[in-house]
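Participant: Give the three-dimensional model of this entry:
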Amino acid sequence: MAEPINLLGFDFGSKRIGIAFASQASTEPVILQAISARDGIPDWEQINKLVKEWQTQAFVVGIPYNMDGSVGEMAHRARKFANRLSNRFALPSYVVDERLSTYAAKQVHLSQGGSSNWKKHGVDGIAAQLILQSWFVEPEHRLASQPFKEQG
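Facilitator: Just a heads-up that it's a prediction; the model follows:
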């Protein structure tokens, strides 16, 4: 069994960022309170508190690639967020292809008896939980921590 590593997982969004914590594949990630963002910029002090509280050793950020695998604006913004986490806290920041994670999170929420009022009952934390689970299950994601090459 691999050594446990304290990970904070993020479902990046321009208005809200879902967060989950996990330290090993054998346990379900803990969903933490989502944080508000202003045009994708979080309250860094809130993240700082989480990093200290959960003794974070690395980050995992979901990258919302387009369905054809191309890189759109939100994927670039999520990558920028991952890079900022890494630089700000001097910790590794890994990325995971999170296509359809919000859809899957909504399905989980509904299957648990949740409401379909997504504005009131966001699924950002569930999406962050799924992002962390995929990081543990699909080890090739652990290598995908390099910035995108600019097209043009």
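Participant: can you give me the helices for this protein?
Facilitator: Here the chain has its helices, by DSSP state H, at 44-53, 73-89, 101-111, 124-137.
Participant: To V60, which of these lies closest?
Facilitator: helix 124-137 (4.7 Å; CB to CB). Backbone N, C-alpha and C define where each C-beta goes, glycine included.
Participant: For this structure, which residues score under the pLDDT cut-off?
Facilitator: Counting by pLDDT under 70, the ranges of the chain that qualify are 1-2, 99-123, 139-152.
Participant: which strand of it spans the most residues?
Facilitator: The single longest strand within the chain, with elements called by DSSP state E, is strand 30-38.
Participant: Contacts for that one next, please.
Facilitator: Contacts with strand 30-38, where a contact means CB atoms under 8 Å, 6 or more residues apart in numbering, come from 8, 13-22, 42-43, 46-47, 50, 122, 124-126, 128-129.
Participant: what about F12, neighbour count?
Facilitator: F12: 27 surrounding residues under other CB atoms under 10 Å.
Participant: So it versus E98, what's the distance?
Facilitator: 9 Å (CB to CB, to the nearest Å).
Participant: Quick check: neighbours shared by the two?
Facilitator: G62, P64.
Participant: picking that back up, enumerate the positions of the longest strand of the chain that are buried.
Facilitator: Using 16 or more other CB atoms under 10 Å as the test for burial, strand 30-38 gives V30, I31, L32, A34, I35, A37.
Participant: Please apply the same query to stretch 65-76.
Facilitator: Using 16+ other CB under 10 Å as the test for burial, stretch 65-76 gives Y65, V71, M74, A75.
Participant: now the residues you listed as CSV including distance to P4?
Facilitator: Output for those, formatted as CSV (distance: CB to CB, whole Å):
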residue, distance to P4
Y65, 29
V71, 32
M74, 31
A75, 29
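Participant: if we take the residues you listed, which one ends up nearest to F59?
Facilitator: So of the buried residues of stretch 65-76, ranked by how close each gets to F59 (CB to CB), first place is A75, at 16.4 Å.
Participant: contacting residues for the closest one?
Facilitator: A75 makes contact with I63, P64, Y65, N66, F148, according to CB under 8 Å, 6+ apart.
Participant: neighbours of the second one, just the number please.
Facilitator: Same thing as P64. Neighbours of P64 (other CB under 10 Å): 21.
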